[in-house]
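# structure of the sequence below:
(4 chains)
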There are 2 protein chains.
Amino acid sequence: MKLEGHNQAVIPSLELETFLPYRLSVLSNRVSGRIARSYEKRFGLTIPEWRVMAVLGRFPGLTAAEVAERTAMDKVQVSRAVARLQRAGRIEQRTVDGDRRAKHLSLSAAGKIVHGEIVPLAREMELRLVVALSVAERTQLDQVLDKLLAASASL
Amino acid sequence: MKLEGHNQAVIPSLELETFLPYRLSVLSNRVSGRIARSYEKRFGLTIPEWRVMAVLGRFPGLTAAEVAERTAMDKVQVSRAVARLQRAGRIEQRTVDGDRRAKHLSLSAAGKIVHGEIVPLAREMELRLVVALSVAERTQLDQVLDKLLAASASL
DNA sequence: TGATAATGGTTTCAGATGAAACTATGTTGC
DNA sequence: GCAACATAGTTTCATCTGAAACCATTATCA
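Coordinates of the predicted model:
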């Protein structure tokens, strides 16, 4: 005997607004998009280009493959970003004897200047986001993100 | 008098691996990508198409503009996703008298079947992610995400 | 050695994308 | 009623993208 007041089958539905992957996606797209627009306007940089610059600012001399690994970009993206950055004179490459395939990349003087201007800008954006959180919440967020990132690696 | 053991200027650098927007982006791309691959393979659906189906599964009869609003997609994306879904016979549209511009969309019978198969799959992916967290952490995550989403809206 | 495989990186090709222009329908104010 | 504007949705165009094919160099090993 049915207790429901109707005979419609219960369809499993997905509430996007409470679905974690969706929420992450909306948040991430908004934040990255916002930051990207600001340096796109000022320096004509795309997100991949900026990522390459960010990582080279910290680890000069990486090869394209190493950049790809550290930025979670694929090698095609890196190759194209590097090509554009070079045309714009923002990075330099140098071949180390031993392996003539690998290009060791680093920021040029001009690139360092751009890098130096964007970093505070990016940090400010991050700050504007986390001011919404208490100190305790920021710690929680970091820990939870660590765990989720680890879990996501083995999906 | 300098205390540092070197005279190199301190260059503000950005540690991508601790930079919140970056971490969010990596996590989100991994998760969405993983889910997307699974329904891409089985049903040939793209992310925008799946999002449209998800929201129509829950709110049949929405117009394209309303779908766009609920999914955080733009109207072009929705228009194209709808076109493809229709070609594949997964949604239906109906014009309500009153406004002949608006198309009210809903899943077709075939669309409902696909929808019904993907939802558990998506939920399982979400589950595989959050099992890495304690119950308390899940609550924290939800609250923190609420706050970040609100903050990100006014960046 | 020299053949085969592996690696670093680039190019090609076909499809995806977003911004802006466009078509069609509705609304507003006179 | 009708000119001007707003809205729903589509199309166009130029650019971006990822997968696979590709080239060059280095490693493996019979």
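# now do the contacts for A:Met73.
Counting by C-beta atoms under 8 Å, 6 or more residues apart in numbering or on different chains, A:Met73 touches A:48, A:51-52, A:67, A:81. Every residue, glycine included, has its C-beta placed from N, CA and C.
# in a strand, A:Leu105, correct?
Yes. Counting by DSSP: H, G, I helix; E, B strand; the rest coil, A:Leu105 is found in a strand.
# picking up where we left off before, any idea which of the contacts of A:Met73 is the one closest to DNA strand D?
Nearest to DNA strand D among the contacts of A:Met73, counting by C-beta to the nearest atom of the strand, is A:Pro48 at 5.8 Å.
# so that closest one: helix, strand or coil?
Following three-state DSSP, we place A:Pro48 in the helix state.
# A:Pro120 now?
Of the three states, A:Pro120 takes helix under three-state DSSP.
# phi first, then psi, for the spatially closest residue to A:Pro21 that is not a sequence neighbour.
Nearest in space to A:Pro21, with sequence neighbours left out and distances taken as C-beta to C-beta, 6 or more residues apart in numbering or on different chains, is B:Val31 at 4.6 Å. Phi and psi for B:Val31, reported as degrees, to the nearest 10, are phi -70, psi -50.
# stretch A:92-110 close to DNA strand C?
Yes. Applying C-beta under 7 Å from any atom of the strand, one finds stretch A:92-110 touching DNA strand C at A:99, A:101-103.
# about what we covered before: any chance of the contacts of A:Met73 in a markdown table, with neighbour count too?
Supplementary listing: these in a markdown table, determined by neighbours: other C-beta atoms under 10 Å in any protein chain shown:
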| residue | neighbour count |
| --- | --- |
| A:Pro48 | 20 |
| A:Arg51 | 23 |
| A:Val52 | 31 |
| A:Val67 | 23 |
| A:Ala81 | 25 |
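# out of those residues, which is nearest to B:Arg42?
Nearest to B:Arg42 out of those is A:Pro48 (C-beta to C-beta; 30.1 Å).
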